[in-house]
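**Q** Need coordinates for the below:
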Amino acid sequence: MKKTVITLATAASLTLTMGVSASAENVEVKKGDTLWGLSKEYGTTVEDLLRWNNLNSDLIFPNQQLRVSSTENYTVESGDTLWGIAKYYGVSVNELKNTNSLTSDIIYPGQNLTVDLDNRGLAVKVNQQEKTQQAPAAQEPQETQQPQAAEEPAAQPAETPVNTQPTQEAANAVTVKATAYTANCEGCSGVTKTGVDLNANPDAKVIAVDPSVIPLGTEVYVEGYGYATAQDTGGAIKGKKIDVFIPDRQDAVDWGVRSVKVTILD
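**A** Okay, here's the model as predicted:
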């Protein structure tokens, strides 16, 4: 327990003295500054500024302090160790020794050390690269299984052909005589038997039917007209006869009288 307390006290001392003993080329961000502009002004790159300042994005704010140099000078205080300084800056002890041409871990109060921030996190990156190089060997057995899984979909494309219209086998069909009408015909209200306002819904697909043959509300497919709903009736619509709604009068006239197949969908 006593040893733990001493270690924590040393770390706290190091943290407190860093701000006083360290010196670096810092700038204070002013309104309108950008990382790109600062990188050009100080002869560096945006990537370096991001790394030296532990930034995750290009966003910076007025009054923010930024390092614009890869090196920082630190004056050793009583109780400091190379290990503690290296950990504080995120570099390794060996990198710190190499930068300052040290042959041992012994340092003295008042000694000036140069910290190269370009080495920040280098040891971690090396470990990650080693793991990445080992990963393919562990994955090799899985590669032989992948072609087997990919073979099954190759035999499936022709299973479910898409029909653009219903087939007679799939539903009941009846051949009828079909004429056309508009919402503005003489004597027409523009509102169907079921209450659909055709003037307000000119794109509605509606047919008038004899409910004894095709009940109102039935979904159908009319040859040459498309999908529609039986929503209307008419005095002349008896037996196997329907009226298809067409909003444009001339188009309705052009429809004429046709013999079409109506497929009942429900």
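**Q** care to break the chain down by domain?
**A** With domains defined by automatic domain parsing, the chain comprises 2-124, 172-264.
**Q** gap between the two ends of the shortest one?
**A** Domain 172-264 stretches 5 Å from its first residue to its last (CA to CA, to the nearest Å).
**Q** Check which residues of whichever strand or helix holds residue 72 are buried.
**A** Taking DSSP states H and E as the criterion, residue 72 maps to strand 65-75. For strand 65-75, a neighbour-count test (16 or more other CB atoms under 10 Å) marks 66, 67, 68, 69, 70, 72, 74 as buried. C-beta here means a position set from N, CA and C on the backbone, and glycine is covered the same way.
**Q** repeat for stretch 98-108
**A** 99, 100, 102, 107.
**Q** mean pLDDT lowest for which of the domains of the chain?
**A** Lowest mean pLDDT within these: domain 2-124, a mean of 78.
**Q** any idea how far residue 206 is from the residue lying closest to residue 176 once chain neighbours are set aside?
**A** The shortest distance from residue 176 to any non-neighbouring residue, by CB to CB, 6 or more residues apart in numbering, is to residue 240 (4.4 Å). Distance, residue 240 to residue 206, using CB to CB, to the nearest Å: 18 Å.
**Q** who's in contact with residue 198?
**A** 183, 190, 191, 192, 204, 206, 245, 247 (CB atoms under 8 Å, 6 or more residues apart in numbering).
**Q** farthest pair in those?
**A** Using CB to CB, the contacts of residue 198 reach their maximum pairwise distance at 191 and 247, which is 14.3 Å.
**Q** Any idea how many residues pack against residue 230?
**A** By other CB atoms under 10 Å, the residues close to residue 230 number 25.
**Q** Please confirm that it is located within a strand.
**A** Yes - counting by DSSP: H, G, I helix; E, B strand; the rest coil, residue 230 is found in a strand.
**Q** so what's it up against?
**A** With CB under 8 Å, 6+ apart, residue 230 has these contacts: 206, 207, 208, 209, 211, 214, 215, 216, 217, 218, 220.
**Q** pretty sure the second one contacts residue 221?
**A** Spelled out, that is residue 207. No - counting by CB atoms under 8 Å, residue 207 sits too far from residue 221 to count as a contact (10.7 Å).
**Q** now the particular helix or strand that has residue 115 in it against strand 65-75, angle please.
**A** Assigned by DSSP H and E, residue 115 belongs to strand 112-116. Per axes from the mean of the first three to the mean of the last three CA atoms, to 10 degrees, the angle that strand 112-116 makes with strand 65-75 is 140 degrees.
**Q** Only alpha carbons, please: show strand 112-116 as CSV.
**A** What follows is strand 112-116, C-alpha atoms only, in CSV (Å, rounded to 0.1, in the frame of the first residue of the first chain):
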residue,chain,number,x,y,z
ASN,A,112,16.8,20.1,-20.8
LEU,A,113,15.2,17.3,-22.9
THR,A,114,13.8,17.5,-26.4
VAL,A,115,10.6,15.5,-27.0
ASP,A,116,9.9,14.6,-30.7
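**Q** quick one: buried residues of it?
**A** 113, 115, 116.
**Q** Any idea how many residues pack against residue 44?
**A** Residues lying near residue 44 (other CB under 10 Å) number 17.
**Q** residue contacts, it?
**A** Contacts for residue 44 (CB under 8 Å, 6+ apart) come out as 68, 69, 70.
**Q** Work out for me the element the residue nearest to the second one when sequence neighbours are not counted sits within.
**A** Distance criterion CB to CB, 6+ apart; nearest residue to residue 69, sequence neighbours excluded, is residue 25 at 3.9 Å. For residue 25, the element it lies in under DSSP H and E is strand 22-28.
**Q** and the next element down the chain from that strand?
**A** Taking DSSP H and E, what comes next after strand 22-28 is helix 35-41.
**Q** Thank you, goodbye.
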